[in-house]
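Visitor: With the sequence up front, the predicted model follows.
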Amino acid sequence: MELSSDINATRRMKWIGRPPTGHQPRLSVRMDPNALRLAGERAKAEGKTVGTWLEEAIREKAEREGKNDG
């Protein structure tokens with residue numbers, strides 16, 4: 001039996017799956033409930049989502065420590 005590959009097959013295939021939504025994937029993180037409550041309070045006070053507030057807090061900490069990789 002001879003097997004061959006059709007390089008153009010992937011070009012003819014129709015994309016199947018969820019369409020792009022522009023949203024980032026969700027991520028579950030285990031953390032201290034008091035820390036999450038505090039993050040929620042701070043985020044609300046600044047008019048941000050908890051996710052956005054946490055992202056900014058992580059970036060700020062990384063910059064302070066000189067370890068900004070992203």
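Guide: Ah, there it is. Residues are numbered from 1 along each chain as shown.

Visitor: I'd like the distance from the helix with the most length in the chain to the chain centre, please.
Guide: Ranked by residue count and defined by DSSP state H, the top helix of the chain is helix 50-64. Computed by Cα atoms, centre = their mean, to the nearest Å, the chain-centroid distance of helix 50-64 equals 13 Å.

Visitor: same question, stretch 19-37
Guide: Stretch 19-37 sits 8 Å away from the centroid of its parent chain (Cα atoms, centre = their mean).

Visitor: what sits up against that stretch?
Guide: residue 50 (Cβ atoms under 8 Å, 6 or more residues apart in numbering). The way it works is simple: take the backbone N, C-alpha and C, and place the C-beta from them, glycine included.

Visitor: May I have the distance across that stretch, first residue to last?
Guide: Stretch 19-37 has an end-to-end distance of 33 Å (criterion: Cα to Cα, to the nearest Å).
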